[in-house]
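Visitor: Task: produce atomic coordinates for the following.
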Amino acid sequence: MKFIEMTGKTLSTILSTDELRPHDLESVGVFDDTIVRVNEHGDIEVRRTDRWDVIGGLLGNYEVRIKERTGMEWA
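Guide: Residues are numbered from 1 along each chain as shown. Below you'll find the predicted structure:
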């Protein structure tokens with residue numbers, strides 16, 4: 001599966017009002033410098049020391065939002 005990786009800080013600028021909120025991110029251990037990734041289905045995963053954990057998902061138009069904000073393509 002392909003992903004786009006980013007920091008928690010970047011992710012927080014991509015989220016819309018009907019998705020995770022900043023306090024939701026912090027409660028699952030996502031902070032400004034945390035590495036996260038989003039797959040092509042909009043699933044958000046956070047990097048732990050030994051695995052990736054799914055913490056939620058993005059809704060509608062997320063591909064455009066991610067690509068515009070990060071400047072990256074799916075890899």
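Visitor: And the strands in this protein?
Guide: Secondary structure of the chain (DSSP state E): strands at 3-7, 35-39, 43-47, 52-57.
Visitor: mind checking which of the ones you listed is nearest residue 75?
Guide: With CB to CB as the criterion, residue 75 lies closest to strand 3-7 of the strands of the chain, at 6.8 Å. Where you see a C-beta, it was placed from the backbone N, CA and C, and this is true even at glycine.
Visitor: What lies in contact with the closest one?
Guide: Outside strand 3-7, the residues that touch it by CB atoms under 8 Å, 6 or more residues apart in numbering are 14, 32-40, 45, 66-67, 69-70, 72-75.
Visitor: residue at max distance from the center of this structure?
Guide: residue 50 (18.2 Å; CA atoms, centre = their mean).
Visitor: Tell me how far that residue lies from residue 13.
Guide: Remark: distance between residue 50 and residue 13 (CB to CB, to the nearest Å) = 28 Å.
Visitor: Run the angle between the longest helix along the chain and strand 35-39 for me.
Guide: Taking DSSP state H as the criterion, the chain has its longest helix at helix 62-70. When axes from the mean of the first three to the mean of the last three CA atoms, to 10 degrees is applied, the directions of helix 62-70 and strand 35-39 differ by 140 degrees.
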